[in-house]
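Peer 1: Sequence below, structure please.
(4 chains)
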There are 4 protein chains.
Amino acid sequence: MLNLANIESAARDVLGQSSYDYYASGAADELTLRWNVERLQELRLRPRVLRDVSTLDTSVELLGRRHALPLLLAPTANHRLAHPLAEIATARGASLSGVGMVLSNGSNTAIREVAVALGSAQALWFQLYVQPDRALTRDIIWHAEAGGAEALVITVDSPVDGSRNRQARSGWRLPEGTGHPNYLGRKQRRSVVNLEEVRPLKCTWEDLEWMKGTTRLPMLLKGILNPDDAELALRHGADGVIVSNHGGRVLDTVPAAIDALPAVVERVAGRAPVIFDSGIRRGSDVLKALACGARAALVGRPYLYGLAVGGAEGVEHVIRILRQELRLAMALTGCRAVGDLDRSFLW
Amino acid sequence: MLNLANIESAARDVLGQSSYDYYASGAADELTLRWNVERLQELRLRPRVLRDVSTLDTSVELLGRRHALPLLLAPTANHRLAHPLAEIATARGASLSGVGMVLSNGSNTAIREVAVALGSAQALWFQLYVQPDRALTRDIIWHAEAGGAEALVITVDSPVDGSRNRQARSGWRLPEGTGHPNYLGRKQRRSVVNLEEVRPLKCTWEDLEWMKGTTRLPMLLKGILNPDDAELALRHGADGVIVSNHGGRVLDTVPAAIDALPAVVERVAGRAPVIFDSGIRRGSDVLKALACGARAALVGRPYLYGLAVGGAEGVEHVIRILRQELRLAMALTGCRAVGDLDRSFLW
Amino acid sequence: MLNLANIESAARDVLGQSSYDYYASGAADELTLRWNVERLQELRLRPRVLRDVSTLDTSVELLGRRHALPLLLAPTANHRLAHPLAEIATARGASLSGVGMVLSNGSNTAIREVAVALGSAQALWFQLYVQPDRALTRDIIWHAEAGGAEALVITVDSPVDGSRNRQARSGWRLPEGTGHPNYLGRKQRRSVVNLEEVRPLKCTWEDLEWMKGTTRLPMLLKGILNPDDAELALRHGADGVIVSNHGGRVLDTVPAAIDALPAVVERVAGRAPVIFDSGIRRGSDVLKALACGARAALVGRPYLYGLAVGGAEGVEHVIRILRQELRLAMALTGCRAVGDLDRSFLW
Amino acid sequence: MLNLANIESAARDVLGQSSYDYYASGAADELTLRWNVERLQELRLRPRVLRDVSTLDTSVELLGRRHALPLLLAPTANHRLAHPLAEIATARGASLSGVGMVLSNGSNTAIREVAVALGSAQALWFQLYVQPDRALTRDIIWHAEAGGAEALVITVDSPVDGSRNRQARSGWRLPEGTGHPNYLGRKQRRSVVNLEEVRPLKCTWEDLEWMKGTTRLPMLLKGILNPDDAELALRHGADGVIVSNHGGRVLDTVPAAIDALPAVVERVAGRAPVIFDSGIRRGSDVLKALACGARAALVGRPYLYGLAVGGAEGVEHVIRILRQELRLAMALTGCRAVGDLDRSFLW
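Peer 2: Residues are numbered from 1 along each chain as shown, chains lettered A, B, ... in the order given. Reported below is the predicted structural model:
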């Protein structure tokens, strides 16, 4: 298990094809899914030699907290598919690894329990969707606040569910009895997507402003690729922007997230942190995203594979590999601190 | 049957190799056939978030009629190969789907019967070739008018038949008893293409002008890639232009149709509708073609595969998938109405 | 046998691996061999419609003779490997096809016999190398003149033999008793190329000038890629230039011949005909080479495969396919006469 | 055994998978490893014809010595894996081939014995790492001087070991009893790289200056890709720069070495020789590197494969192939002397 590809292979066996496909698949022809990884690989690093890299500082400040690594666990749903302890195991893995965790609204564990398992040394953020049911949204936000969330991550790229043909073909269904306690026993209004009908939710900047008014927690918007949307996000009160194409799961043939990052960074121009998501498979990818202007990166599928293979220790193993690879890339590009990263570290 | 690729696979089994090759093959090395699809895939969509996309308007106005979708069934010959009810089944499928149909002169069903099956809610256009036998051409046009055609689609890209090596290798022949009633019992003069001789038909802009004089129906020219030809088309009275390379079936190594579209749109400059044909395999491809300036798109092979697999319902299934995918792409690019599409929806 | 690829496959079986490899292989990693074909494929044709293409003129004037097709058989050695009648069969095939033939100095048949088989209706050119043995060179030239050659093709790209790893690996050797009568029973001085030594022949522009002085025949230089060499060729009296990389057989990773053609055409600027060689596999490739400024094209390996499969008729079949495909490409790009071809026929 | 690829195949069988992987593997996903070769292949040669290439001068002057070829054996560790005589066999091969040798600090043979086997006709350089243990470094340098080294090659690209996943997966370990006598029985301080920790050595330009003060031998810095580092190298007293990415073994997704060469050459601007390393697999690659401004090239893995297959004669065979291919490429690009090479020899 030397790299994340090894761990994914092992996880495929553990998970079975159907759950593996649920995690692994992307929208339609999975072109964006592939581009996410390839375009990061194609970015060339610019090495430096004979700099003193005997100490390496990988820490970043994010929303008032110092993180030992420029990495958080991305929000992903239904960890029970990967491990019986579900998000509890994930949170323990995050805790062991020293990284924060973004808990999905679609998790199988109540935020309070996750907060306990994670401990207070690591950041806990809570992800939810912009959606039109304001009463439920407000209750979820208050519940998340009470449960220990330090920040809200609002996913804005999915007024409709993406069409993941591979997942659908494998006939995946949520196993009986897999609950979503962070919906508070209520049902989120869902968009309708089937062959008869595609009825997107009505979710607009006004909903976001309203959400902003319900809480004092900082709010980050996840799913921004278009710099015009980044601008609007800041104008509507977002405290940060997460450049992401949802791991290629929503709309196929949008650009690789790394191709969208520089223009968003330029538009945001330091007014708020920009976080990168979608495609990280090597520690050097983290360095590349930061060199393109991200403050930190989220990693999603890889830790799910670690979780499937080894529970909390599996999650920790994934983060350890990424940390090792990041530190190697820092040493070999002459980067003493991730805060120094900029385009000059790329070829 | 989640996407058109699934349906094509199923159709291959139903049709048998020889008929499948007749539909599927392209000219020579099939490079243009492949480029048609690849170049559409490579166009990147530009997403928008938090726009109100709860209602989506996919309708377009075309030749004085409002179409529920920016899609029509492309003219293709010999539907009897795919289904015993031939074009009757296709027309019923179009009717169920709410899309118009372009009947091929080489259909196995008389236009009158097709018109009945299609009903008056959908547009019926009739396709024929520019060809030098004026008496026959005139009779066909009048017959089409009388049969219910609302527009004529004149295919101009084939003064000679293309050389489809794959089709020829598979030894395809039209089955005995497959008639072409829309030739009125007469024989169209054909170009001669064999190893001894390549004798193209003499078909010129004068023939087109003459055809124009025989009818009041609007005439669209199909098979334009070169913007200079688009200009000539308008000057000679065409009411619209269909950018197409005949699905890669005529001349190999002409550009992908989508690569030719923008320059034609620019030259036509709004004087007439530009319709796109060749390579649509996803609803997002329709959105891309419209973002490049097309008013609507034709889809060909995919509905033939649907017809083979499920008759009218198969055709409807294909259109339903395309509609679903188009609406998804609209919702996720923040496009409320297809009429709003322009290059800003592409990366 | 619908295209040249089919014929190559069939020839592979007829020839056996070793002789096939002798014909088919290129230098080193065979990258240029592959690029020759790929770069021609990637050139996009620009179609035109509704032009009168009912008559197509494929003829070109070359060195004072009108050729029915812009094609000649390229000089290739040792036709006896492909057919017992060797170059006699080839010449009969050329005669049946109405194309000229460039006889290789390394042919297995005396030029006089080839001239008889070819007849006077087709051009017979004779190919030899620039080499330092002037007495032999002069005798060969006079022998070729007397034997009926109308022009000399001087191959200038091989002061050393290329290193064809595939051919060497297959252990190819010239069969016993395969003679080279056009060397007049003498031995051409050869470059030495083996692992101990690489001793190129000394062949310079002075040798060429001297050759020029021995004959009144027009002289074309074959193997020019560099426009500076094209300029020198004209200054030293060449009557034409053949852009060629020897079918990728001499130096690997030189550019595809089609990539070198435009700059040579520009430098020559109409002062002499430029002929294209290396990579023609479709009639549309001939059109592309002419659109890039060549007056005509040579075709090599394909006719050898035709010769192997069917003797004279096989050669004729190859040319017939190329003619058919060229005429199709002309009709569909609106090209009435190959003399009209220029860059406007390419995308 | 016609080319280096053949020899590599044969060596794979001789070495066994684990030792083969130790030599062959690159860092992480081995992208840079692949790019090193591909980018050299993609550089197009620009041929010339009818130049007098009957004599070819492949010699270059380097550090006051004339080398018959612009090639040296790159420093590589642990030749005993490939051959029982280890570096003795390598040195004999170099001697037979007429090329110099860069002995690795990690060799299994004392420099004195290597010097004897190599003889005085060929250059012997000694490679070591910049590392913080100054006493050991000084002793190694003095030992190398005394042992016959004419120059020191200081590898600067590895303050940490690269992470070679393939090698790690194959479970490679240095066989028992494989000694490193040039460490003088002491242990070099190593960087720590494992999943728990990545602790790079502290090696800076000051260490280099200090090393410079310990010896009168010329010092070349190996592992420079960044032109800014080349500038610093000269300012800190380097007598030459070796552009190298360590054969893709240290940091994946740094550019192919050949892509980094031109900017380094431009920056160095003739103040010191620039030598090329990483990716040479054909003699034409040597020509390309020199055309990009390198004075000479190092070749690494290929001679190890020769050593495995045939000992000293195997090494000689590899160099002989490279020489033959270099001379062929010179003859066919009209290059009489490698000293004449510049960008005009590339397309």
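Peer 1: Backbone torsions only: list them for the closest residue to chain C within the stretch 101-250 of chain A.
Peer 2: Chain C sits closest to A:Gly248 of the stretch 101-250 of chain A, with a gap of 28.8 Å, by Cβ to the nearest Cβ. In this view, the C-beta of every residue, glycine as well, is placed from N, C-alpha and C. Here is the backbone geometry of A:Gly248 (degrees, to the nearest 10): phi 70, psi 20.
Peer 1: Quick one, grab the pLDDT at it.
Peer 2: Confidence at A:Gly248, expressed as pLDDT, is 98.
Peer 1: For it, list the residues it contacts.
Peer 2: By Cβ atoms under 8 Å, 6 or more residues apart in numbering or on different chains, A:Gly248 lies in contact with A:26-27, A:30-36, A:278.
Peer 1: from these, which single one is nearest chain B?
Peer 2: Nearest to chain B out of the contacts of A:Gly248 is A:Leu31 (Cβ to the nearest Cβ; 5.9 Å).
Peer 1: ok, that closest one - how many residues close by?
Peer 2: 18 (other Cβ atoms under 10 Å in any protein chain shown).
Peer 1: element containing A:Gly306, please.
Peer 2: helix A:301-333 (DSSP states H and E).
Peer 1: check whether that helix contacts chain D.
Peer 2: Yes. Counting by Cβ under 8 Å from any Cβ of the partner chain, contacts between helix A:301-333 and chain D involve A:317, A:320-321, A:323-325, A:327-329, A:331-333.
Peer 1: so, if you compare these, which one comes nearest to chain B?
Peer 2: A:Ala329 (27.7 Å).
Peer 1: Go ahead and confirm the closest one touches A:Gly283.
Peer 2: Yes. When contacts are counted by Cβ atoms under 8 Å, A:Ala329 is listed as touching A:Gly283 (5.8 Å).
Peer 1: any chance you could map the helices in the stretch 151-300 of chain A?
Peer 2: All helices of the stretch 151-300 of chain A, identified by DSSP state H, counting those that start in this stretch, fall at A:165-169, A:205-213, A:227-235, A:257-268, A:283-291.
Peer 1: what's the most buried one of those?
Peer 2: Counting by mean count of other Cβ atoms under 10 Å in any protein chain shown, helix A:283-291 has the highest mean neighbour count of these, with a mean of 27.
Peer 1: could you dump it to CSV, C-alpha only?
Peer 2: The C-alpha coordinates for helix A:283-291 follow below in CSV (Å, rounded to 0.1, in the frame of the first residue of the first chain):
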residue,chain,number,x,y,z
GLY,A,283,1.0,14.7,-2.4
SER,A,284,2.6,16.6,-5.3
ASP,A,285,-1.0,17.4,-6.5
VAL,A,286,-1.6,19.2,-3.2
LEU,A,287,1.6,21.2,-3.8
LYS,A,288,0.4,22.0,-7.4
ALA,A,289,-3.0,23.2,-6.2
LEU,A,290,-1.4,25.5,-3.7
ALA,A,291,1.1,26.7,-6.2
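Peer 1: just how off-centre is that helix within its chain?
Peer 2: A distance of 15 Å separates the centroid of the chain from that of helix A:283-291, by Cα atoms, centre = their mean, to the nearest Å.
Peer 1: Now tell me what touches it from outside.
Peer 2: With Cβ under 8 Å, 6+ apart as the criterion, helix A:283-291 contacts A:40, A:43, A:45, A:70-71, A:258, A:261, A:276, A:279-280, A:296-297, A:321-330, A:333, A:335, A:338, A:341-346, D:28, D:251-253.
Peer 1: same thing but 6 Å
Peer 2: A:40, A:43, A:70, A:276, A:297, A:322, A:325-326, A:329, A:338, A:341, A:345-346 (Cβ atoms under 6 Å, 6 or more residues apart in numbering or on different chains).
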